[in-house]
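S.K.: next come a sequence and a model predicted from it.
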Amino acid sequence: MPVWLLDEDARRPEMRTHAARALQIRGLHGEILIEELEHLGRQRFAGVRPVLFLTQEETVKTISRHRDRLAPLYRFSLPRKDIVDALQHKHGFQCLAEQHDAPIPKLVHVTTQLDLAALGGLRFPAVVKPGERNAGYSRQFKKAYRVESAEEAGNLVRRILAAMPDVVVQEWIEGPDSNIHFCLQYLDQQGNVVASFTGRKIRSWPPAVGGTASCTAAPEAHAELSAITERFFQAAGVVGMAGMEYKRDSRTGAFRMVEPTIGRTDYQEEVATLNGANLPRVAYSCELGLPIPMAVPSTRSISWRVRSDDTRSAMLQGQSPAQGWPDDSRVVDALWRWTDPAPFLLQSMWRVGRALRKRFSRPLMPSRVEGSRP
């Protein structure tokens, strides 16, 4: 099937893929995105009404708010706007999870310093993170922080409040990164789960608080996590592409919810496809009313990694990069493909360029002025 890839930066490595036709647009969110999609829908895609796959939270937020303008031009499935907004915010998700008795750690939402008193009701350690994605926050702070006490949390939150008045402090779920699992699903317009896949992380970057560096299939947890995920999504009114991250608490063995992904593909989507659960293909078929393709499980477990992130994570933790993989698993790189080498090669050139610039931009030691003491 023909695929188009839209991005505002034509230089990105992904835009060199052979798997899609690259189209540069002016923006990925806000009114600019809607105008660009309207223009493409009426010109290049006139009479086609293609299936729209989203990949970023801000894009989902924009499409959700302007869905009526785009529905005549594109096919896509999203929950109601209020559900999208709630699930994209950590406190909104917390409220829905508690409302539907889902397994989730206790959380305190901080918008002013007056809210800091509630930190005393948490069990520490805890994790501090922004209530939702925020560019101002990202420029000054890490994705998340582990804190060991209410005092440490309060000091950190006070600094963050100066950048954004929207912070959450949530009880930490004990266990290594390999205890982090995810369940990716596609739900049709009636809320029925059409496809579901469960995987787990091997390593994160940075360790403990970062994104996926490597992951694999987790069939041993599929029945439990698929059922929990389906029950919550159906109760909350979720349709379309969705996913839920969990962590198994090493103290109790129970899975606890971490965060959802709503209305877009997940970073781990490819490991599902490699293992026979092609959720984007299922979504495409549902949107067009075509027969749902049968899942074709791989005869051998396939794992997936972002090579540079996974290597750094392993080294920082004193592990071998080969450590932690299932014994029978074949490991696939996130970017490298013999049949599609350009994205990997371009990203590698970027890394080399950054390393050289960093190396040669260091200030030289001042030479000794003639006549001065050595």
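M.R.: Received it, and whenever you're ready, just let me know what you need.

S.K.: wait, Glu38 sits on Ala71?
M.R.: No. The pair Glu38 and Ala71 fails to qualify as a contact (CB atoms under 8 Å) at a distance of 11.5 Å. Any C-beta I mention is one placed from the backbone N, CA and C, and that applies to glycine too.

S.K.: for whichever strand in the chain runs longest, packing partners?
M.R.: Assignment by DSSP state E gives strand 193-205 as the longest strand of the chain. When contacts are defined as 3 or more CB pairs under 8 Å, 6 or more residues apart in numbering; DSSP states H and E, strand 193-205 sits against strand 180-187, strand 211-217, helix 222-236, helix 269-274, helix 279-288, helix 307-316.

S.K.: how far does that strand sit from its chain's centre?
M.R.: 11 Å (CA atoms, centre = their mean, to the nearest Å).

S.K.: next, the buried residues of that strand.
M.R.: Val193, Ala195, Ser196, Phe197, Thr198, Gly199, Arg200, Lys201, Ile202, Arg203, Ser204, Trp205 (16 or more other CB atoms under 10 Å).

S.K.: what helix or strand is Leu40 on?
M.R.: helix 30-42 (DSSP states H and E).

S.K.: residues in contact with that helix: which ones?
M.R.: 6, 23, 25-27, 49, 52, 59, 62-63, 66, 69-70, 72-74 (CB atoms under 8 Å, 6 or more residues apart in numbering).

S.K.: picking up where we left off before, adjacent strands (with direction) for the longest strand of the chain?
M.R.: strand 180-187 (antiparallel), strand 211-217 (antiparallel) (DSSP bridges).

S.K.: so how far is the shortest one off the chain centroid?
M.R.: Using CA atoms, centre = their mean, the mean C-alpha position of strand 211-217 is found 11 Å from that of the whole chain.

S.K.: pull that strand out as CSV, backbone CA atoms only.
M.R.: Taking Å, rounded to 0.1, in the frame of the first residue of the first chain, the C-alpha atoms of strand 211-217 are listed here in CSV:
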residue,chain,number,x,y,z
GLY,A,211,12.4,5.6,27.3
THR,A,212,12.8,2.2,25.7
ALA,A,213,16.3,1.3,24.7
SER,A,214,15.5,-2.4,24.0
CYS,A,215,12.4,-4.6,24.4
THR,A,216,11.0,-8.0,23.5
ALA,A,217,7.8,-10.0,23.4
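
S.K.: angle of that strand against helix 307-316?
M.R.: With axes from the mean of the first three to the mean of the last three CA atoms, to 10 degrees defining the directions, strand 211-217 sits at 100 degrees from helix 307-316.
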